[in-house]
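[1] Turn this into a structure:
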Amino acid sequence: MTQSVYSIPIEKIKGVTKANLPKFKENLGINNLGDLLMFLPRNYEDRSQIVSLPEVIPGNKVCIRVVVTGKYKSVVDRYNYRLIVNGVDPTSGNTILIVFYRAANYYDEKIEVNSVHTFFGIVELNTYGQTDYKINHPEIVTDDNFVGKNLLTPIYPSTDKLKQDTIRKVVQNGIAIVEKMSLPNLLPQSGYPLIPFRKSAGSAIEYLDINKLDFLQSLKFIHTPPKNVNIQDIIERRNPYLIRLIAEEILAKQLTLISSKNILQREKSVVIPPQLNLAQKVIQDLPYKLTNAQMKAFLDVVNDLAANKPMLRLIQGDVGCGKTMVAVLAIAHIVQYGYQVALVAPTEILASQLFENVNNALQAYGVKSVFVSGKLGAKGKREVGNLIKTGQANVIVGTHAVFSEWVEYKNLAMVIIDEQHRFGVEQRLEISTKQKNFKIHTLMMSATPAPRSLAMTIYANLDLSIIDELPPGRSKVETFLISKNEKVKLFGRIRKVIHEERRQVYWVCVLIEENENYQATSALETLSELRSFMPEVRIGLIHGKLKEQEKAEIMQAFKEQKLDLLVATTVIEVGVNVPNASIMIIENPERLGLSQIHQLRGRVGRGSVKSFCGLLYEPKISRSTKERLEIFQRTNDGFVIAEEDMKLRGNGDIVGTRQSGEMQFQISDLAKDNLIAEVLIPFAQTLYDQDPELSRQIMRRWNANQKDYVLI
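    The predicted model follows:
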């Protein structure tokens, strides 16, 4: 896929209509031919043969051809019908009952008596019925590209908005376009490393020479593999043709990061002298001593700012390690020289908390901080905007509103981005336009540790500081596992903590409302249950469907101890600070990744009081799931947990392994493809140095536009 592939809009491909265009773009994220080609199947089905009914093994999914002999609607309830169709196999004469439970009117229009249809679904013997066989809600096969051919039928990730046969036809039309184009293999003449892979979990590492595999052939193979292929090899990412694509994408993204960093090195930024006058005073006035890791991270920032090139540094550290104080010191260091700093958080709650922390820390030293919110009215925007434009405001804290057009900076020198994985490249580029005279320094912070084995790949274009110590006074959170069979016993313990110890409690649920397709207790169910058991306790509810203002008000009430217990979804995962909260109950933790549970656990233990995290699990979870939770119980180290999450869940919820650090992967997954990444990381630098033109071609093939590889 050369750059021209990304220049072909999806609407130009046959089969994309005005009606389904928004579904391709908004539901599937497919905007052009390049996106389409890399939209790979999630599974495959064998529809290559029409099976006669007597040859069917009951319970198997097969293609059958049926002559419709009759049909009628059966009432389900006041509003719903089901369509009953009687048919006969034209080759054997066996009869079959076909039942459509949903969309009866739609199927009634599609199926006429005496018509012939191909159905795909699970065929069973009809032991108690009047027909020989039955099939429930089969798919009507209208895409004949795969029937009668030795090809598997691809099943794509989709939504109810788009039918599989529509996606398949559009993909095939896209492949037909690229078959007429010149798609070079983009492999170096020599030196390409053999690619390691495992044929099964735990097996010995084997090596693949991808020089022998054609790029276009690999692409076509994955979209339409022959029927004799081992489907599991593709799904488990050990098929040579898929490895060929994965390897090139990882190489392309690594080259992109190298290119981005090199471009940034050539830019100029404002030089901040390394004298620590104000920052040193702040440090001396602290009621506690900074950890060695905090001090090292701060000095890394100071050294970066003293160079004449823009800083691009990530501070990564576990929950509660003191990243915010490092940011405060960086702010103090810059504003003493008359420059401004923008501090950005992904949500109003976190932004307002950061504003409070920065203001409390620096206001006494004459540092003026302002809060920028999208909710500011016209008068508020004028007042705050004037303070920023005239330079009276030194620190500008807010959400993405700090990027707004009405925010004009006098002399912005640095932007600090909290929870950087939740901000896109476009948003970072927006703020870079706020300073015309030089490139802005960028400091990013993340409380979500990446596994160390992935960090080199995820953050290859960033300078990295790791804070791996907790400040003194932070209590270690003790974690316990408890079955839902003992829920009433847990209620009693919670009530005691609230009444006798005057402590507050978080209770986290993975769902807001009950979902019949998802076995987990919802926040609304838990709220009702808790209020019934302890009506005297002041209980609040917070979830993602609330407006930002409502969430902020509920969190403020909890912080001010106007609520004893807060039932929440994972919206409280990052950054919320309530020192009086000493117990965190996570219901259905088996539904979350270890890294996400760790982020939730970090909301307690923020004071000196002993804190606890309870994992309230379903009684019938599997042994492996229980072992996963036991691993979490044994350690409070976020880096160890991230590594375990990667081993146990593959991609899991490790932040950014599909959209990793600066990169957005289309088919690769660094958690699952780490063996490939480890080989290609050093090779990428070699290739970039030795063959810049080939490197550019590979980057163009995998990046939609220049913005993807000129990141800052």
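
[2] list the buried ones in the single longest helix found in the chain?
    Ordering each helix of the chain by length in residues (DSSP state H) puts helix 240-265 first. By 16 or more other Cβ atoms under 10 Å, the buried positions in helix 240-265 come out as 240-261, 264. Every C-beta, even on glycine, is put in place using the N, C-alpha and C of the backbone.

[3] do the same with stretch 478-485
    Residues of stretch 478-485 classed as buried: Thr479, Ser483 (neighbour count, 16+ other Cβ under 10 Å).

[4] contact partners of it?
    489-490, 521, 601, 610-619, 626, 629-630, 632-633, 636 (Cβ atoms under 8 Å, 6 or more residues apart in numbering).

[5] give me every residue that touches Pro679.
    That one is not Pro; residue 679 is Val. Pro193, Leu194, Ile195, Pro196.

[6] what's the neighbour count on the nearest residue to the second one once chain neighbours are set aside?
    The shortest distance from Leu194 to any non-neighbouring residue, by Cβ to Cβ, 6 or more residues apart in numbering, is to Tyr207 (3.8 Å). By the other Cβ atoms under 10 Å criterion, the neighbourhood of Tyr207 contains 10 residues.

[7] From the contact counts, what lies against the helix or strand hosting Tyr207?
    When elements are assigned from DSSP states H and E, Tyr207 belongs to strand 205-208. Secondary-structure packing of strand 205-208 (3 or more Cβ pairs under 8 Å, 6 or more residues apart in numbering; DSSP states H and E): strand 195-198.

[8] Please report the distance of the residue of the chain most remote from its centre from Val66.
    Taking Cα atoms, centre = their mean, the residue of the chain most remote from its mean C-alpha position is Gly93, at 51.9 Å. Distance of Gly93 to Val66, given as Cβ to Cβ, to the nearest Å: 12 Å.

[9] Likewise for Thr17?
    30 Å.

[10] Looking at those two now, which is surrounded by more residues?
    Val66 (25 against 12).

[11] my guess is Lys381 contacts Glu405, does it?
    No. Using Cβ atoms under 8 Å, Lys381 makes no contact with Glu405, being 10.6 Å away.

[12] quick one, which of these two is more surrounded?
    Between Lys381 and Glu405, counted using other Cβ under 10 Å, the more crowded position is Lys381 (17 against 7).

[13] Which other helices and strands does the strand or helix carrying the more buried one contact?
    Taking DSSP H and E as the definition, one finds Lys381 inside helix 378-389. With contacts defined as 3+ Cβ pairs under 8 Å, 6+ apart, the packing partners of helix 378-389 are strand 369-372.

[14] How far does the strand it packs on sit from its chain's centre?
    In terms of Cα atoms, centre = their mean, to the nearest Å, the centre of strand 369-372 is set 30 Å apart from its chain centre.

[15] just stretch 324-343 next, same as before
    Relative to the chain's own centre, stretch 324-343 is displaced by 30 Å; criterion: Cα atoms, centre = their mean.

[16] circling back: and the next helix-or-strand element following the strand holding Tyr207, what does it pack against?
    On the C-terminal side of strand 205-208, the closest following helix or strand by DSSP H and E is helix 215-223. Using 3+ Cβ pairs under 8 Å, 6+ apart as the contact test, the elements touching helix 215-223 are helix 164-179, helix 240-265.

[17] Just send the ones you listed back as JSON lines, with mean pLDDT and distance to Ser528 too.
    Rendered in JSON lines, the data for these read as follows (pLDDT from 0 to 100; distance: least, Cβ to Cβ, whole Å):
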{"stretch": "helix 164-179", "mean pLDDT": "92", "distance to Ser528": "40"}
{"stretch": "helix 240-265", "mean pLDDT": "90", "distance to Ser528": "47"}
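
[18] could you dump the ones you listed to JSON lines with distance to Arg313?
    Converted to JSON lines, the helices and strands packed on helix 215-223 look like this (distance: least, Cβ to Cβ, whole Å):
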{"stretch": "helix 164-179", "distance to Arg313": "40"}
{"stretch": "helix 240-265", "distance to Arg313": "11"}
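
[19] Figure out which of those is closest to Leu546.
    helix 164-179 (34.9 Å; Cβ to Cβ).

[20] orientation of the closest one relative to helix 215-223 in degrees?
    Angle of helix 164-179 versus helix 215-223, following axes from the mean of the first three to the mean of the last three Cα atoms, to 10 degrees, is 170 degrees.

[21] and helix 164-179, how far out from the chain's middle?
    Chain-centre distance of helix 164-179: 27 Å, with Cα atoms, centre = their mean.

[22] circling back: now the helix holding Lys381: buried residues?
    Within helix 378-389, the residues scored as buried using 16+ other Cβ under 10 Å are Lys381, Val384, Gly385, Leu387, Ile388.
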